[in-house]
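Undergrad: Okay, structure incoming, though there's no sequence with it:
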């Protein structure tokens, strides 16, 4: 890489000097080339010693610019950028920021002697600051990504070793809880019922039957919760560990559940993580109840400032046994849980809820629900009450804010802000700042309109991770509209759209890397190429030297679109293969880790559950029925029922002890 970079710097500088008519003596050229070679040699050790390498690269770049006495070459800005990126990847935030400030200061200081006007100085300073901020942010994000990969890889390896320990731990927990929950209660039934049966008092016998029935119900509820495969009461391992375990448990029970976790995982407040877990849990329960056998999709997206949830099930089979419509308390409880955190939740048939996640749900910037959202919720509630009872799919969408008040500024936000500012302001600076402004001869009113238009282009890029297709479509629509209006009126404006082409490149990259899993991303280069086709067509039509024929517009659209696709295709492939593959690896690693850890735990739960259902739960259920029948019968029936209750409780205790012995042997 250093050799390739040095070749690009030398050849590129030679070409730029020829194009810009820059004449320097042979001594200066040899000195500048020597600086490039020294910097390239230093870059060989950029991973092992990033700080000394950055110092050497910055010094060589500054010396090359000073020797050539012009910033319009490639002798400065490349090797120091690579060194700064390496420093940001291999060192912490503090060192990365110090390195960025030092590199930026030297870069600005070296161009001071060669600038010809204050406006040119402003342009160079702006470019330097934005470039070094972006490089530092990218390096730090790469560092965080590598750290996550190392942690996940270590956890993945540890999960295999911890499988046996997890099974033993779960077995001990089940044995302890089984003894505490069932042993005490059933022993109390045996002792109390046996004592009362010896007294022969009818009133005491009925009281003992009532107490036995209540105790039996408590035991049934407690044992059911004990082996409940729907998940834990806390999320000590985090939401991204709990949800895979939840879905894995249901999949082993025959429920076709698919889980997708997307975005950069952030530490969630406990109440947010638990609310998200319970919403997914309740939605899966409803799907199993009202759409038995239908495939269920669970999607979790970590976006800046919020976590987005989607649980969607397909329509059940026509012959599936679907219970009557519920009371709606489950959905109301989920909505109350979401709104208590400042979020939103919408639940409706899938064919009526065909809107994307995010603010389309009616969530404003501060997380409150808008009036539009309330009206929509009312409408969907009415639909739920009046919809036909035939089988249909159902979708639950929720948006939960993750920031508990003041939002913490991290490197993703720094990168988003810098990218949006760069794509918004750089074309404006090139268009209006002397000495050679592209739009310098336009009127003040038209200049103000174009300036606003150029600045607005950077706004959609803020949402490129959260809604990449929306950001790309909005940007493409804006560029097409402005090419057909301002470009037709002022042809130099088309040149500024070309200067702002990195905005489309970034948006296409975002679609390839951050689009929702399963969605098609190949149309992104085609969408991004539409403004190129429109600009080229406007350029040819407005050119007085172009012979206006019926084939001009089709040719211009085809040539411009093809050129745009060829330019944007590598950025789509980059996002698809690098960022997208990395995110898919992380999601798969989390799911695999949770599955390996949870397999043994779920196996123990199912083993205990089978044992309980065949023995303890069966005898306890018969105990409850016998007690209820005795209370409803005569005194003789009550006395016989009490004897039966005592015997059933004693049998359940013996079965429980046999199960405990089996757990201890395992």
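TA: Cool, got the structure. Note that the structure is predicted; figures quoted are calculated from it, not measured. Residues are numbered from 1 along each chain as shown.
Undergrad: got a pLDDT number for residue 252?
TA: On pLDDT, residue 252 comes in at 56.
Undergrad: low-confidence ranges in the stretch 251-400 of the chain?
TA: 251-254, 264-267, 289, 317-330, 350-392 (pLDDT under 70).
Undergrad: Swap in 50 and give it another go.
TA: Residues of the stretch 251-400 of the chain meeting the criterion pLDDT under 50: 321, 323-327, 355-390.
Undergrad: mind listing the helices for it?
TA: All helices of the stretch 251-400 of the chain, identified by DSSP state H, counting those that start in this stretch, fall at 270-290, 329-340, 371-386.
Undergrad: Name the nearest residue to residue 645, ignoring sequence neighbours.
TA: Of all residues not flanking residue 645 in the chain, residue 212 sits nearest, at 4.8 Å (CB to CB, 6 or more residues apart in numbering). For glycine as for every other residue, the C-beta is placed from the backbone atoms N, C-alpha and C.
Undergrad: pLDDT-wise, which helix or strand of the chain ranks last?
TA: helix 371-386 (a mean of 41; mean pLDDT, DSSP states H and E).
Undergrad: Of all residues in this protein, which one is nearest the centre?
TA: Nearest to the mean C-alpha position of the chain, by CA atoms, centre = their mean, lies residue 263 at 2.1 Å.
Undergrad: Surely it is in contact with residue 301?
TA: Yes. With contact defined as CB atoms under 8 Å, residue 263 counts as touching residue 301 (5.1 Å).
Undergrad: how close does residue 342 sit to residue 410?
TA: 20 Å (CB to CB, to the nearest Å).
Undergrad: Just give me the neighbour total for residue 449.
TA: 15 (other CB atoms under 10 Å).
Undergrad: And residue 550, by the same measure?
TA: The burial count for residue 550: 6, using other CB under 10 Å.
Undergrad: for the protein, which spans come out with low pLDDT?
TA: Those would be 229-234, 321, 323-327, 355-390, 405-407, if you go by pLDDT under 50 across the chain.
Undergrad: Report the buried residues of stretch 201-212.
TA: Neighbour-count burial for stretch 201-212 flags 205-206, 208-209, 211-212 (criterion: 16 or more other CB atoms under 10 Å).
Undergrad: Remind me what the helix or strand where residue 153 lies packs against, helices and strands.
TA: For residue 153, the host element (DSSP states H and E) is helix 118-161. Counting by 3 or more CB pairs under 8 Å, 6 or more residues apart in numbering; DSSP states H and E, the packing neighbours recorded for helix 118-161 are helix 79-90, helix 93-111, helix 411-432, helix 580-614.
Undergrad: How about residues contacting stretch 474-481?
TA: 453, 456-457, 460-461, 497, 500, 503-504, 507, 527-528, 530-531, 534-535 (CB atoms under 8 Å, 6 or more residues apart in numbering).
Undergrad: mind redoing it with 7 Å?
TA: 456-457, 460, 497, 503-504, 507, 527-528, 530-531, 534 (CB atoms under 7 Å, 6 or more residues apart in numbering).
Undergrad: and what of stretch 528-536?
TA: Here stretch 528-536 has contacts from 472, 476, 479-480, 483-484, 487, 494, 497, 504, 507-508, 556-557, 559-561, 563-565, 568, using CB under 7 Å, 6+ apart.
Undergrad: if we go to 8 Å?
TA: 472, 476, 479-480, 483-484, 487, 494, 497-498, 501, 504-505, 507-508, 556-565, 567-568.
Undergrad: re the thing from before, out of the contacts of stretch 474-481, which are buried?
TA: For the contacts of stretch 474-481, buried by 16+ other CB under 10 Å: 457, 460, 497, 503-504, 507, 527-528, 530-531, 534.
Undergrad: of all those residues, which two lie farthest apart?
TA: 460 and 534 (17.3 Å; CB to CB).
Undergrad: Could you list the domains of this structure?
TA: For the chain, the structural domains run 1-152, 270-403, going by automatic domain parsing.
Undergrad: Using a markdown table, please lay out those together with distance to residue 512 and mean neighbour count.
TA: Shown next, in a markdown table, are the domains of the chain (distance: least, CB to CB, whole Å; neighbours: other CB atoms under 10 Å):
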| stretch | distance to residue 512 | mean neighbour count |
| --- | --- | --- |
| domain 1-152 | 17 | 18 |
| domain 270-403 | 17 | 17 |
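Undergrad: Quick one: those as CSV, columns for distance to residue 222 too.
TA: What follows is those, written out as CSV (distance: least, CB to CB, whole Å):
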stretch, distance to residue 222
domain 1-152, 36
domain 270-403, 19
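Undergrad: closest one to residue 640 among those domains?
TA: That would be domain 270-403 among the domains of the chain, by CB to CB, at 36.4 Å.
Undergrad: returning to what we had before: in helices, which of the contacts of stretch 528-536 fall?
TA: The helices, defined by DSSP state H, take in 472, 476, 479-480, 483-484, 487, 494, 497-498, 504-505, 507-508, 556-565, 567-568 from the contacts of stretch 528-536.
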